[in-house]
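Q: structure of the sequence below:
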Amino acid sequence: MQKRILLLSLIGMACAMTSFNPHPPKKSALNTIIIDPGHGGFDHGTHGLFSKEKDITLAISLKLGKAIQENFPDIKIVYTRTTDIMPGNATNIHEGLRYRADLANKSKGDLFLCIHGNSNGKAAGQYEVRHLTGYKFIKKGKKKKKVPVYEYSTEKNKTVGTATYVWKAMWGKYKGSVINQQDPGEDMGDSAATPMDMSTPEARIRSQLYEKKYFANSSFFASLVENQFIKSGRHSEGVKQREVGIWVLEATGMPSVLIETGYLTNEEEEKYLNSEEGQDEIVQNIIDALKNYKDYLEGVHRPSIPAAADTTTAAGSGTP
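A: Here you go, the predicted model:
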């Protein structure tokens with residue numbers, strides 16, 4: 001009898017969260033947005049020819065927060081940092097990442113936006129390339145040894161483009177646990193209004209359902225961001241999942257994305273990322289995506305999934 005009651009309760013919970021409109025009209029679906037400027041302090045991030053990632057991400061993030069306040073006055077903005085420091089004045093990167101996620105969770109964020117700049121792993125501007133041209137024999141003692149002969153040339157670093165990352169779906173165990181502790185009941189319209197004991201089957205199923213929903217929302221918002229970049233004439237690498245984990249995406253109990261705004265290793269794109277025009281355009285792209293996302297959550301309209309929504313897996317060349 002107890003097993004039957006448990007089964008019926010789980011079925012009822014699943015039905016409550018899936019059979020009704022997942023986006024019922026609300027006064028506001030986004031109350032708090034967390035903005036996380038990547039790196040900071042002793043952690044410079046990637047380097048361009050004349051700038052550091054930590055400075056660009058901070059400049060874009062502060063402009064983004066201001067723009068959100070202007071366009072959505074009722075939304076609260078929480079920054080993980082507003083100056084050139086490691087968030088939480090942490091003494092190492094690992095502690096800093098944990099502080100960012102903990103702050104987002106304590107702030108009950110509805111969306112986590114992490115701003116980054118990218119690198120293709122090669123020297124900024126231009127890099128040296130080695131070409132095999134043949135072989136020669138050199139005398140080594142009484143024997144001859146065949147060795148390769150190389151020529152060297154310099155090539156321009158041409159990699160450009162944006163990308164928006166979501167957490168890797170197969171790593172959702174921790175994400176689900178954090179979501180459960182965030183008391184997400186009101187967001188999905190189910191009856192679970194308080195965090196549940198994760199050792200119970202009900203709690204595990206509920207967290208899995210929320211995780212899937214948040215993954216879908218994260219991927220959808222990411223696709224909206226990339227679509228806006230494309231409209232502005234930027235090259236988009238699309239929506240991706242990182243092979244290497246991104247703690248701030250996995251440990252935040254809310255929809256979360258990491259936006260790679262461009263490659264600092266490309267000279268032209270680095271100039272764009274440092275310019276007022278470039279930063280303003282990036283901010284406007286994100287604001288336009290946010291408007292569509294907010295309308296979608298609140299049932300105003302259901303925009304079609306743009307082409308950039310195809311989620312692929314990539315190792316990622318930037319730093320978390």
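
Q: which residue of the chain sits farthest from its center?
A: K142 (59.9 Å; CA atoms, centre = their mean).

Q: in this structure, which spans are strands?
A: 32-37, 76-79, 111-118, 126-140, 143-156, 162-166, 236-242, 256-263, 311-314 (DSSP state E).

Q: closest one to N217 among the ones you listed?
A: Closest approach to N217 among these is made by strand 111-118 (8.5 Å; CB to CB). Quick note: C-beta positions are derived from backbone N, CA and C, even for glycine.

Q: quick one: that closest one to strand 162-166, angle?
A: With axes from the mean of the first three to the mean of the last three CA atoms, to 10 degrees defining the directions, strand 111-118 sits at 140 degrees from strand 162-166.

Q: K271 - how many residues pack around it?
A: By the criterion of other CB atoms under 10 Å, K271 has 14 neighbours.

Q: which residues touch it?
A: Residues near K271 by CB atoms under 8 Å, 6 or more residues apart in numbering: G278.

Q: quick one: it from L49, how far?
A: Plainly put, K271 is 9 Å away from L49 if you go by CB to CB, to the nearest Å.

Q: residues of stretch 90-110 that come out buried?
A: 90, 93, 96-105, 107-110 (16 or more other CB atoms under 10 Å).

Q: determine which two of the residues you listed are furthest apart.
A: Maximum distance among these (CB to CB): 26.3 Å, for I93 and D110.

Q: hmm, back to that, backbone dihedrals for the residue farthest from the centre of the chain, please?
A: Here is the backbone geometry of K142 (degrees, to the nearest 10): phi -90, psi 0.

Q: ok, now which ones touch it?
A: No contacts exist for K142 under CB under 8 Å, 6+ apart.

Q: now do the one 4 residues further on
A: For K146, the contact set (CB under 8 Å, 6+ apart) comprises 135-137.

Q: okay, those in TSV with pLDDT, distance to E237 and neighbour count next?
A: Putting those into TSV (pLDDT from 0 to 100; distance: CB to CB, whole Å; neighbours: other CB atoms under 10 Å) gives the following:
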residue	pLDDT	distance to E237	neighbour count
Y135	91	38	9
K136	88	41	11
F137	87	45	10
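
Q: let me see the confidence value for I138.
A: Among the per-residue scores, I138 shows a pLDDT of 88.

Q: that one contacts V149, correct?
A: No: using CB atoms under 8 Å, I138 is not in contact with V149; the gap is 10.5 Å.

Q: how far away is the residue positioned nearest the centre of the chain from N31?
A: When CA atoms, centre = their mean is applied to the chain, the residue found nearest the centroid is L258 (1.6 Å). For L258, the distance to N31 equals 22 Å [CB to CB].

Q: okay if I get the strands of the chain as CSV plus distance to E298?
A: Below are the strands of the chain laid out as CSV (distance: least, CB to CB, whole Å):
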stretch, distance to E298
strand 32-37, 15
strand 76-79, 17
strand 111-118, 13
strand 126-140, 48
strand 143-156, 46
strand 162-166, 22
strand 236-242, 22
strand 256-263, 19
strand 311-314, 24
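
Q: what's the least confident stretch among these?
A: strand 311-314 - the lowest mean pLDDT of these, at a mean of 51.

Q: which residues are in contact with the residue nearest to R130 when sequence neighbours are not counted?
A: Nearest non-adjacent residue to R130, counting by CB to CB, 6 or more residues apart in numbering: Y150, 4.9 Å away. Residues in contact with Y150 (CB under 8 Å, 6+ apart) are 130-133.

Q: now, which of those residues sits nearest A289?
A: Looking across those and measuring by CB to CB, the closest to A289 is R130, at 41.7 Å.

Q: T154 is in contact with the closest one, correct?
A: No: the criterion here is CB under 8 Å, and R130 misses it with T154 at 11.1 Å.

Q: in the protein, which ranges drop under the pLDDT threshold?
A: Filtered on pLDDT under 70, the chain yields the residue ranges 1-27, 169-174, 176-177, 180-199, 202-207, 243-245, 302-320.

Q: if I look at the residue farthest from the centre of the chain, how far off is P148?
A: 22 Å.

Q: can you give me the helices in the chain?
A: Here the chain has its helices, by DSSP state H, at 2-18, 53-71, 93-106, 172-181, 185-188, 201-231, 247-250, 267-274, 276-297.

Q: so which of these gets nearest P37?
A: Using CB to CB, those put helix 53-71 closest to P37, at 3.8 Å.

Q: angle of that closest one against strand 32-37?
A: Going by the same axes, to 10 degrees, helix 53-71 makes 150 degrees with strand 32-37.

Q: distance between the ends of stretch 106-114?
A: End-to-end distance of stretch 106-114 (CA to CA, to the nearest Å): 17 Å.
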